[in-house]
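Undergrad: generate a structure from the sequence data that follows.
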Amino acid sequence: MIYVFGHKNPDTDSTVSAIGLSRLKNELGMDTKPYVLGKINREAAFVLNYFNVEAPKLLEEVNPQVSDLNFDKMTTLKPEDSILKAYQLMTEYRSKIMAVSDEKGKLRGLVTMKDIAMGLIKGDFYHLKTSLENIAHAIEGEVLTKNSDQIEGSIVIGAYYNETLRERHILNSESIVIVGDRFDVIEHAIMSQVNLMILTGGTDLPDNLVALARDQSVTIISTHLDTYTVSKLINQCNYITQIMKSEKLIKFSNRDYLDEVAEEIANSAHSNYPVVDKNGMYLGFLGRRHILKPKRKKVMLVDHNEYGQSVDGLKEARILEIVDHHKLGDISTNQPITFTNVPVGSTATIVYNLYMQAGIEPDPQIAGLLISGILSDTLYFQSPTTTPTDKMAVEALNHILKLDLDTYVMQMFKEGTSLEGQSGAEIFFKDFKDFESDNRKIGVSQVFTLNFEAVEARKQEILEVLNHTHDANHYTVTLFLVTDLLKNGSYVMYRSEIGNLMNSVFDTEVSQGAFIPNVVSRKKQVIPRIFEELGKHK
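TA: Numbers count the residues shown, from 1 in each chain. Coordinates of the predicted model:
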């Protein structure tokens, strides 16, 4: 599966572009899923709700996890399986360990070839607890009479004289007797109401003894195997739970991170470890060899190409494709990828063009998402980043949708710019990005509003957040832009380590909360100018 996502603090363009690209790739036969790297903003939430599209799930990191490894997905034993079956399956799979799970698949315990060997050497050779089916299967026997499906008792070889058995009271209802064609012993065993009798050597049991066994509720199995062979096999018919280990198991979740797993394995003497899901369901076995060459998560990036704006652990992932409209960032790969970087006003415009190149018309849902991303990022064509390509894409998409754009855009902007119930910190980090060049870091936040007074009322609170962010991250410049969609300009609050830098950036006297007309694009009008001016102060 391929993860498709935009930048942190996902806005409308980032969110809808991830969904749109994922849908397109799936149409082309890939297995992708869109994600977001944070809480989507109110505008994006409005768009998703308007076009009835489920919000992508949150992706917190892409570090390799156990689920990314090709661990061994072996079959499991059931608690009612025999030790002999465990041995046979281990031989078949060439494995020295197997898991035991219940009927729902939940891990119950482990059994190893060593456990089986030690059971044969040091086990209780006289006690048997298993099913009639296990015994019949192991000794290739035929059930002549049956009293119970479950067998438990003490094993006795019927090698004594009948008189000895009677005198010593050897046989009782808990006895499991293995006997050949000694009919006096057989009759005595039946009358003693033994738990189970196994007739060896293909002994034919007379009808009268079969009837007597049924009358005395005695279970009998007949086998062609000799007494010695049966006596060697019978102990291996015990339930696997008799030797299974179920306490203090070292196991891993499929959601565990590889670095943590590798550390624990390095400090353990075991060779294989069971893998379970969040509900404890058995998934397979993980060995040391599996972590040597782990698979990396496959990802596609939209609307960004910088590590600082992307998901945690990106350097450990395999980037397959990037679709973006920003400047080139610092992301690098160790193999060629598809990188679509076009100077248009919205990543959604690029995604729409990818649909056209593939000869696929977006369905109304995707068309609605993409047109919203373009209208949002271009501020309904007011942003200087707007290109004829964006306008053409909107026209083509609206041919599918038939929207009243003026009405829809005002609905979208009104919902997206509402600051009701948000703290100063929530407003500041609503759409915050950091950038780095020549070892200088800047942080720039931008919010759009139709009501600047709502922001101005929180000015002091926002400045405190700005200053704390500036100091904590050692930024050279930290800037907060409040873009007024009606006035077509932005109010600015800032902190700079270089005096009068903002005056040079905006070519005017700038005070805290000053309004800068015609400045609406962080990407095109602000970030390049800040780095340009910083370049003069080396």
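Undergrad: return the longest strand seen in the chain as CSV; C-alpha atoms alone will do.
TA: Determined from DSSP state E, the single longest strand within the chain is strand 440-449. Output in CSV follows, covering the C-alpha atoms of strand 440-449 (Å, rounded to 0.1, in the frame of the first residue of the first chain):
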residue,chain,number,x,y,z
ARG,A,440,18.9,30.3,8.7
LYS,A,441,15.5,29.2,9.8
ILE,A,442,12.3,31.2,9.4
GLY,A,443,8.8,30.4,10.5
VAL,A,444,5.8,31.9,8.8
SER,A,445,2.1,31.5,9.8
GLN,A,446,-0.8,32.7,7.7
VAL,A,447,-4.5,32.9,8.3
PHE,A,448,-7.2,34.3,6.1
THR,A,449,-10.1,36.3,7.5
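Undergrad: that strand pairs with which strands?
TA: Paired neighbours of strand 440-449 in the sheet (DSSP bridges): strand 432-437 (antiparallel), strand 477-484 (parallel).
Undergrad: can you pull the buried residues of whichever helix or strand comes after that strand?
TA: Per DSSP states H and E, the first helix or strand lying C-terminal to strand 440-449 is helix 452-456. Neighbour counts over helix 452-456 (16 or more other CB atoms under 10 Å) mark 452, 454-455 as buried. (Glycine included, C-beta is placed from N, CA and C.)
Undergrad: ok, now stretch 314-323?
TA: Buried positions in stretch 314-323, judged by neighbour count with 16+ other CB under 10 Å: 314, 316-317, 319-323.
Undergrad: before we move on, what about stretch 247-260?
TA: 251-254, 256-258.
Undergrad: can you add pLDDT and secondary structure and give these back as a markdown table?
TA: Putting these into a markdown table (pLDDT from 0 to 100; DSSP: H, G, I helix; E, B strand; the rest coil) gives the following:
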| residue | pLDDT | secondary structure |
| --- | --- | --- |
| Lys251 | 92 | coil |
| Phe252 | 93 | strand |
| Ser253 | 91 | strand |
| Asn254 | 90 | coil |
| Asp256 | 89 | coil |
| Tyr257 | 87 | strand |
| Leu258 | 87 | helix |
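Undergrad: ok, so of those residues, who is nearest Thr347?
TA: Of all the buried residues of stretch 247-260, Thr347 sits closest to Tyr257, with 30.1 Å by CB to CB.
Undergrad: and that closest one, what are its bridge partners?
TA: Beta bridges link Tyr257 to Gln65 when assigned by DSSP bridges.
Undergrad: phi, psi of Arg94?
TA: Dihedral pair for Arg94: phi 50, psi 50, per degrees, to the nearest 10.
Undergrad: how near is it to Gly109?
TA: From Arg94 across to Gly109, the span is 21 Å (CB to CB, to the nearest Å).
Undergrad: in the stretch 51-200 of the chain, which spans are strands?
TA: Residue ranges of the strands in the stretch 51-200 of the chain, as given by DSSP state E, counting those that start in this stretch, are 57-58, 97-101, 107-112, 127-131, 142-145, 150-157, 175-179, 196-199.
Undergrad: on that earlier part again, more neighbours: which of Arg94 and Gly109?
TA: Set side by side, Arg94 and Gly109 show more neighbours around Gly109, with 19 against 6, by other CB atoms under 10 Å.
Undergrad: which residues does that one contact?
TA: 99-100, 241, 244-246, 249 (CB atoms under 8 Å, 6 or more residues apart in numbering).
Undergrad: please name the bridge partners of Ile221.
TA: Assessed by DSSP bridges, Ile221 has beta-bridge partners Val143, Ile198.
Undergrad: ok, now which ones touch it?
TA: 132, 135-136, 139, 141-144, 196-199.
Undergrad: quick revisit: which of the buried residues of helix 452-456 lies closest to Asp507?
TA: Of all the buried residues of helix 452-456, Phe452 has the smallest distance to Asp507: 21.8 Å, by CB to CB.
Undergrad: so that closest one sits right up against Leu481, yeah?
TA: No - the criterion here is CB atoms under 8 Å, and Phe452 misses it with Leu481 at 11.6 Å.
Undergrad: between the two, which contacts overlap?
TA: Counting by CB under 8 Å, 6+ apart, the shared contacts of Phe452 and Leu481 are Tyr491.
Undergrad: returning to what we had before: just put the buried residues of stretch 247-260 in a markdown table and tack on distance to Thr389.
TA: Output for the buried residues of stretch 247-260, formatted as a markdown table (distance: CB to CB, whole Å):
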| residue | distance to Thr389 |
| --- | --- |
| Lys251 | 54 |
| Phe252 | 49 |
| Ser253 | 47 |
| Asn254 | 44 |
| Asp256 | 46 |
| Tyr257 | 42 |
| Leu258 | 42 |
